[in-house]
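>>> coords please:
(6 chains)
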6 protein chains.
Amino acid sequence: MKRLILQILAKILPIQTAYAHCDLPCGVYNPLQARIEAESILNIMKKYQESKDEVFKIRAILIKEERAELVKHHLWVLWTDYFKPEHAKRFPQLHDLFWRATKLAGQTKKSVDPKDGEKLLDLIDEIDDIFKKTKAVK
Amino acid sequence: MKRLILQILAKILPIQTAYAHCDLPCGVYNPLQARIEAESILNIMKKYQESKDEVFKIRAILIKEERAELVKHHLWVLWTDYFKPEHAKRFPQLHDLFWRATKLAGQTKKSVDPKDGEKLLDLIDEIDDIFKKTKAVK
Amino acid sequence: MKRLILQILAKILPIQTAYAHCDLPCGVYNPLQARIEAESILNIMKKYQESKDEVFKIRAILIKEERAELVKHHLWVLWTDYFKPEHAKRFPQLHDLFWRATKLAGQTKKSVDPKDGEKLLDLIDEIDDIFKKTKAVK
Amino acid sequence: MKRLILQILAKILPIQTAYAHCDLPCGVYNPLQARIEAESILNIMKKYQESKDEVFKIRAILIKEERAELVKHHLWVLWTDYFKPEHAKRFPQLHDLFWRATKLAGQTKKSVDPKDGEKLLDLIDEIDDIFKKTKAVK
Amino acid sequence: MKRLILQILAKILPIQTAYAHCDLPCGVYNPLQARIEAESILNIMKKYQESKDEVFKIRAILIKEERAELVKHHLWVLWTDYFKPEHAKRFPQLHDLFWRATKLAGQTKKSVDPKDGEKLLDLIDEIDDIFKKTKAVK
Amino acid sequence: MKRLILQILAKILPIQTAYAHCDLPCGVYNPLQARIEAESILNIMKKYQESKDEVFKIRAILIKEERAELVKHHLWVLWTDYFKPEHAKRFPQLHDLFWRATKLAGQTKKSVDPKDGEKLLDLIDEIDDIFKKTKAVK
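Coordinates of the predicted model:
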């Protein structure tokens, strides 16, 4: 049933959901890996703001640090390993977009303001849009 | 635009796409993390069968080893951190299903037969079905 | 001399001390790996309570976080890789016991109360008891 | 019951089994951490000799590589973090013993000869003897 | 004495040798981190060509894999964390240079040809030249 | 041009800058790897003293923890993998020097006093001096 729904969706929408990420290359890439960690960052920021528990707040900062590092890593892998010169030609903003997104991910380590988490999600969405367009071509 | 489509989908379909995985808890969990690695395993197995390049084959085995370890890790986190006693009551097969899936992930380290990769994906799909049902309740 | 003592002990007591943990499988498993980290957690909790040094307290929380993650990892490996279906049949509490132990290990990240550290050690002892019984059969 | 046995043992024998390893310091150190990995290395070497399966042999080499790295790490931590100047004075062979043991652990990465695995276990036993003597003093 | 020599050198040559790499930021960056790993890759390639030892060759491939991953990581950190918009304006080739260098580092995982190792070192030298020019400005 | 300068420097000064660190052995070792992390520790300590931002201070402690662990690791690798018995004979202080340096690196985790960071750099300089002398012989 789930498979049927996915097949229908695959026809209605320009969406594809599984790809390459291991330098073999295995051909499995997915911006969702970065997105999952970025959503985690946003939620941690929100919970940090609401909390008065000192231990919780220290843990929030250290876990956010790790999650932001993972966002950077997943985005770097996508930039270097998935995208090809023809993509860079078609989307001239590609390099700058990844640069700003990974820089912002680094800044979310410093910030506890949910707005920074939301901005990071927006940039990952921009990357995801380009990613989907390159997939649609195929 | 993408957000609008997602909002519409969220109303039509019993699907939700972002959850919890960091012991804070941040509330972000997603079986897709395990699935992405398992798809990578399946592709590596296929490419291994087709290749005659010795270096490639050694690399295929070592990368598959890492990917299988990640599958195990993501499944373990899901089992321990996301699922609650009420879920275990409602889905009595839960523990055994995770046990078989993580055991099979371990076996895909040893195997280069794509059929094992497919079986692993099937078990992750079963977990994903249960996961989505627990989300639908909410 | 140490070997002689160990040989004598091995005959008097139902204890065995070295086993399997690497998916090869190498056949070396030992619940003591989880126990060592859990003892560390308990000591960190005690020292946290006694300390007034801010840097020390932050470090205590971050090191405890890592140790608790290691407890979870060692227990997960034991559950998935060492235990076999015949063990699960003989010890029907097996899955639930590991689930509660790994959940509690996750909770010791949040807590600085030595009582939680002690409860974790108790659950690891329960696992160790079952482990030794499965070894004794052999 | 197990606790009772351990308490009795603690009185009869000059053995203590739980200590320090995290720079806090938590006070939990145990040469058994290195020993468990070294036993794994020995078993991998034996299985490598018996196997004719190419995938198994490649995996054996890569897993042995990781285990040997862990032996080195656990021994380095013990040397730097647990041992104190008074121990180095009482056991003048201490530095050289750890140097030879970590060098040998590095060599077990290159070797598939079980004799090298046994020699490594012997050196870890020597370290363990000294460790236990420093504990007995306390 | 060494410090004196370094101080003299610092005045004669447009060279500076210590910088930022931890998102704090600590202000310590150095392309030499990537270079050391790349030199290791080149040497592994050469030794691979000369060796007939099967275990050695498998280990060479797996260690080269890790070293190439470290080259990618160190370059990514430099690109995202050290370089600022004014640098990207002054050196318009910056993004493309890092993209090609990290792509080539990924390819050295697949290759055992020392020429690929040398090309990687050349690209790291190009990055290092730009890096030193940005330092000289300060 | 850079290569020319380096070649000239190589003749004027008893300095060599690239070596072995991977147990293959690849023949690439460099005390600068430890030094870069130690410089980071010193800068973090200074910035910690100047800051009043609670999030920054927590992050400083956790990043310093990681950097100090890296210093320990790089020094351990150098001690075990690069230095040979003939070096230990020629420099009888070798083992004790590494022991004190790695112990001090562990202590910089606890300290936020820049003086401790400077002492660590001094010990790494002492190691570097010996390292260069062993290289000069060749």
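
>>> surely A:Lys119 meets A:Leu104?
Yes: with contact defined as C-beta atoms under 8 Å, A:Lys119 reaches A:Leu104; the gap is 6.2 Å. For the C-beta atoms, the positions are set from N, CA and C on the backbone; glycine is no exception.

>>> So these two - more neighbours on which side?
Comparing A:Lys119 with A:Leu104 by neighbour count (other C-beta atoms under 10 Å in any protein chain shown), the higher total belongs to A:Leu104, at 23 against 19.

>>> Up against chain C, what does chain A have?
By C-beta under 8 Å from any C-beta of the partner chain, the residues of chain A that approach chain C are A:Val55, A:Phe56, A:Ile58, A:Arg59, A:Leu62, A:Ile63.

>>> Could you dump the residues you listed into a markdown table with distance to chain D and secondary structure added?
What follows is the residues of chain A next to chain C, written out as a markdown table (distance: C-beta to the nearest C-beta, whole Å; DSSP: H, G, I helix; E, B strand; the rest coil):
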| residue | distance to chain D | secondary structure |
| --- | --- | --- |
| A:Val55 | 16 | helix |
| A:Phe56 | 20 | helix |
| A:Ile58 | 15 | helix |
| A:Arg59 | 16 | helix |
| A:Leu62 | 15 | helix |
| A:Ile63 | 19 | helix |
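
>>> Tell me the one of these nearest D:Lys110?
For the residues of chain A next to chain C, the minimum distance to D:Lys110 (C-beta to C-beta) is 38.0 Å, reached by A:Leu62.

>>> where does chain A dip in pLDDT?
A:1-21, A:137-138 (pLDDT under 70).

>>> Quick check, central residue of it?
For chain A, A:Ala34 is the residue whose C-alpha lies nearest the centre (C-alpha atoms, centre = their mean; 2.9 Å).

>>> Quick check: that one vs chain E, distance?
Separation of A:Ala34 from chain E (C-beta to the nearest C-beta, to the nearest Å) stands at 14 Å.

>>> my guess is that residue meets A:Arg67, correct?
No: in this structure, A:Ala34 is not within contact of A:Arg67 by C-beta under 8 Å, at 10.3 Å.

>>> Please state the backbone phi and psi of A:Asp128?
Dihedral pair for A:Asp128: phi -60, psi -40, per degrees, to the nearest 10.

>>> Tally up the residues packed near it, please.
Neighbours of A:Asp128 (other C-beta under 10 Å): 19.

>>> ok now do the closest residue to it other than its chain neighbours, which residues does it touch?
Setting aside the residues directly before and after it, A:Asp128 is nearest to A:Pro31 in space (C-beta to C-beta, 6 or more residues apart in numbering or on different chains), at 4.3 Å. For A:Pro31, the contact set (C-beta atoms under 8 Å, 6 or more residues apart in numbering or on different chains) comprises A:His74, A:Leu78, A:Ile124, A:Ile127, A:Asp128, A:Phe131.

>>> For the nearest residue to A:Tyr82 once chain neighbours are set aside, grab phi and psi.
Take A:Tyr82 and drop its neighbours on the chain: the residue closest to it by C-beta to C-beta, 6+ apart is A:Tyr29, 4.3 Å away. Backbone torsions of A:Tyr29, given as degrees, to the nearest 10, read phi -130, psi 150.

>>> A:Trp79 is in contact with A:Tyr29, correct?
No: when contacts are counted by C-beta under 8 Å, A:Tyr29 is not listed as touching A:Trp79 (10.6 Å).

>>> What parts of chain A come near chain F?
Counting by C-beta under 8 Å from any C-beta, the residues of chain A close to chain F are A:Ile58, A:Ile61, A:Leu62, A:Glu65, A:Lys109, A:Lys110, A:Val112.

>>> Most neighbours out of these, which is it?
A:Ile61 leads these on contacts (other C-beta under 10 Å) with 25 neighbours.

>>> quick one on the thing from earlier: list just the nearest of the contacts of A:Pro31 to D:Leu24.
Using C-beta to C-beta, the contacts of A:Pro31 come closest to D:Leu24 at A:His74, 31.7 Å.

>>> thinking the closest one is in contact with A:Leu32, fair?
No: the criterion here is C-beta under 8 Å, and A:His74 misses it with A:Leu32 at 9.1 Å.

>>> ok, back up a step: tell me the contacts of the residue nearest to the centre of chain A?
A:Leu70, A:Val71, A:His74, A:Leu75, A:Leu78, A:Ile124, A:Ile127.

>>> what angle sits between whichever strand or helix holds the fourth one and helix E:54-77?
Okay, so that is A:Leu75. Here A:Leu75, judged by DSSP states H and E, is contained in helix A:54-77. Per axes from the mean of the first three to the mean of the last three C-alpha atoms, to 10 degrees, the angle that helix A:54-77 makes with helix E:54-77 is 110 degrees.

>>> touching chain E at all, stretch A:92-99?
Yes: against chain E, stretch A:92-99 shows contacts by C-beta under 8 Å from any C-beta at A:His95, A:Asp96, A:Trp99.

>>> could you measure the first one against E:Gln93, distance?
Spatial separation of A:His95 from E:Gln93 under the definition C-beta to C-beta, to the nearest Å is 11 Å.

>>> And for the second one?
Remark: distance between A:Asp96 and E:Gln93 (C-beta to C-beta) = 14 Å.

>>> for the last one, same thing?
In this view, A:Trp99 and E:Gln93 are 14 Å apart by C-beta to C-beta.

>>> Is A:Ile127 in contact with A:Asp96, as I believe?
No: taking C-beta under 8 Å as the definition, A:Ile127 is not a contact partner of A:Asp96, at 11.5 Å.

>>> Looking at the two, which is more packed in?
The neighbour comparison of A:Ile127 against A:Asp96 (other C-beta under 10 Å) goes to A:Ile127, with 21 against 12.

>>> backbone phi and psi for the residue nearest to that one when sequence neighbours are not counted, please?
In space, and not counting its chain neighbours, A:Ile127 is closest to A:Pro31: 5.7 Å by C-beta to C-beta, 6+ apart. Dihedral pair for A:Pro31: phi -60, psi -10, per degrees, to the nearest 10.

>>> For A:Pro31, give its distance to A:Ile44.
Taking C-beta to C-beta, one finds A:Pro31 at 20 Å from A:Ile44.

>>> Dump the C-alpha coordinates for stretch A:36-49 into PDB.
These are the backbone C-alpha positions of stretch A:36-49, laid out as PDB (Å, rounded to 0.1, in the frame of the first residue of the first chain):
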ATOM      1  CA  ILE A  36      16.900  15.700   9.500                       C
ATOM      2  CA  GLU A  37      19.900  17.100  11.500                       C
ATOM      3  CA  ALA A  38      18.800  20.700  10.800                       C
ATOM      4  CA  GLU A  39      15.300  20.000  12.100                       C
ATOM      5  CA  SER A  40      17.000  18.600  15.200                       C
ATOM      6  CA  ILE A  41      19.000  21.800  15.600                       C
ATOM      7  CA  LEU A  42      15.800  23.900  15.300                       C
ATOM      8  CA  ASN A  43      14.000  21.800  18.000                       C
ATOM      9  CA  ILE A  44      17.000  22.000  20.300                       C
ATOM     10  CA  MET A  45      17.000  25.800  20.000                       C
ATOM     11  CA  LYS A  46      13.300  26.000  20.900                       C
ATOM     12  CA  LYS A  47      13.700  23.600  23.800                       C
ATOM     13  CA  TYR A  48      16.800  25.600  25.000                       C
ATOM     14  CA  GLN A  49      14.700  28.700  25.100                       C
END
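
>>> mind listing what's buried in it?
By neighbour count on 16 or more other C-beta atoms under 10 Å in any protein chain shown, the buried set for stretch A:36-49 is A:36-48.

>>> so the strand or helix carrying A:Thr108 versus helix F:54-77, what angle?
Taking DSSP H and E as the definition, one finds A:Thr108 inside helix A:94-110. Angle between the axes of helix A:94-110 and helix F:54-77 is 100 degrees (criterion: the same axes, to 10 degrees).
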